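Trainee: turn this into a model:
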Amino acid sequence: MFNTQQRNGVLLYIAVDDHKFVIYGDEGINNVVSENFWETTKEAIQNQFKQGNFKQGIIDGVLKAGKELQAHFPWTTDDENELSNEISKG
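Mentor: Numbers count the residues shown, from 1 in each chain. Next up, the predicted model:
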């Protein structure tokens, strides 16, 4: 996650058995989002999780982070995917 050129990776980690999650952004995105962005993103996810809407919570968090990425790091035709899209169920 820390190996992207613009340091704009975002990780959403969900520990299902522990009933915990973390949303973490590398320094590139962290430096450009509003001061309360991570907290409000956490709350958006958490509100859905508390209602048992786990899928929607993940969607809400990913869309919120994606909106910020799009605003601050817009896609260009020469972009390359620098990180794996593999989902880990370890």
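Trainee: what is the neighbour count of residue 44?
Mentor: 18 (other Cβ atoms under 10 Å). Heads up, the C-betas are built off the backbone N, CA and C, glycines and all.
Trainee: cool, and residue 24?
Mentor: 13.
Trainee: before we move on, what about residue 4?
Mentor: Neighbours of residue 4 (other Cβ under 10 Å): 16.
Trainee: for residue 21, which three-state class applies?
Mentor: strand (DSSP: H, G, I helix; E, B strand; the rest coil).
Trainee: my read: it touches residue 15, true?
Mentor: Yes - with contact defined as Cβ atoms under 8 Å, residue 21 counts as touching residue 15 (6.7 Å).
Trainee: okay, the two: which has more neighbours?
Mentor: residue 21 (18 against 9).
Trainee: which parts of this protein are helices?
Mentor: With helices called from DSSP state H, the chain shows them at 27-30, 37-50, 54-72.
Trainee: can you put those in CSV and add distance to residue 78 and mean pLDDT?
Mentor: Putting the helices of the chain into CSV (distance: least, Cβ to Cβ, whole Å; pLDDT from 0 to 100) gives the following:
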stretch, distance to residue 78, mean pLDDT
helix 27-30, 18, 96
helix 37-50, 27, 97
helix 54-72, 17, 97
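Trainee: wait, residue 49 touches residue 20, no?
Mentor: No - in this structure, residue 49 is not within contact of residue 20 by Cβ under 8 Å, at 10.1 Å.
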